[in-house]
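Trainee: Sequence first, then the predicted structure:
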Amino acid sequence: MAVNTNPIIKSDIFLDIVHVILRLYFYTFRVTAVNETTWLQHLKHGGSVLLCCWHQQFLPIMAYLYRHRRWSPSLMISQSNDGDIGAGLCQRTGWRPVRGSSSRGGVKALMGIIRELRRSRLAAHIVDGPRGPAGIVKSGTIMLAQATRAIVVPVYLSADRAWFFRSWDRFMIPKPFARLQVQFGEPHYVNDARGKSDMENCRRRLESAMRPHLISPCVQQSKANF
């Protein structure tokens, strides 16, 4: 999907307008959260939490995570033109963007989000990154969780009606007034992982748990493609 690099779309006025539109759009959703007590209690009692989702489902999950902005959580966002816009919107919703990805500025970004997660004890992470491939958890997810002693909590999104882009991950946009269910999986503990073999085993377990929750547009009752 081509991105307009016109500086107007990165201006404060433009981002303020888009933020207001997104807020109004998010307010139309009827959101149900499932199994959120465990990680919230862990966070409130001083633990660290890394909420992990697929790139496909990130936008509607942000509609739910907006309510937890008081924790000033962090999020890694790519150094692309899309990322410039995303970072500006995240700042306006109380999130702290850390710029970089596995393909560009990865080491610096990983160190930055480790620092931010240690500070706030809450971060969100897109496990297949900005470019995929879809359904593959990047190893940086486990490295981040281990460095901060955070529990890894998978987050899944389902909607009763949505549109899907013709992108590498079939990016999902719920239709206004959709019913959303945000489901939290069981926590994954990676603190005891030692060496590349253990780290890879942790990555594969997380991937095996999360992959069945990728959404195929063909099973949606109502869909459209961009």
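Mentor: Structure's in. What do you need?
Trainee: where do the helices sit along this protein?
Mentor: Ranges of helices in the chain, per DSSP state H, are 12-27, 37-44, 58-65, 81-92, 106-120, 140-148, 195-210.
Trainee: so which of those gets nearest Pro217?
Mentor: Using CB to CB as the criterion, the shortest distance between Pro217 and those is 14.4 Å, found for helix 58-65. In this view, the C-beta of every residue, glycine as well, is placed from N, C-alpha and C.
Trainee: re earlier: wait, which of the helices of the chain is closest to Pro130?
Mentor: Of the helices of the chain, nearest to Pro130 by CB to CB is helix 81-92, at 7.2 Å.
Trainee: starting at the chain centroid, how far to the strand ranked longest in the chain?
Mentor: In terms of residue count, the longest strand belonging to the chain (DSSP state E) is strand 150-159. What separates the centre of strand 150-159 from the centre of its chain is 9 Å, taken as CA atoms, centre = their mean, to the nearest Å.
Trainee: now stretch 41-61
Mentor: 8 Å.
Trainee: May I see the buried residues of that stretch?
Mentor: Buried residues in stretch 41-61, defined by neighbour count with 16 or more other CB atoms under 10 Å: 42-43, 48-61.
Trainee: Sketch out the low-pLDDT regions of the chain for me.
Mentor: Applying pLDDT under 70 to the chain flags the ranges 1-10, 79-83, 100-106, 218-226.
Trainee: Once you drop chain neighbours, what's closest to Gln91?
Mentor: With CB to CB, 6 or more residues apart in numbering as the criterion, Gln91 has its nearest non-adjacent residue at 6.4 Å, and that residue is Pro97.
Trainee: Could I get the contacting residues of that neighbour?
Mentor: Residues near Pro97 by CB atoms under 8 Å, 6 or more residues apart in numbering: Ser74, Leu75, Met76, Ile77, Gly86, Ala87, Cys90, Gln91.
Trainee: Next: Arg30.
Mentor: Phe177, Ala178, Arg179, Leu180.
Trainee: will you turn the residues you listed into TSV that also has neighbour count and distance to Arg115?
Mentor: As requested, those are exported to TSV (neighbours: other CB atoms under 10 Å; distance: CB to CB, whole Å):
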residue	neighbour count	distance to Arg115
Phe177	12	39
Ala178	19	36
Arg179	13	38
Leu180	21	32
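Trainee: so of the residues you listed, which ones are in strands?
Mentor: Arg179, Leu180.
Trainee: Lovely, talk soon.
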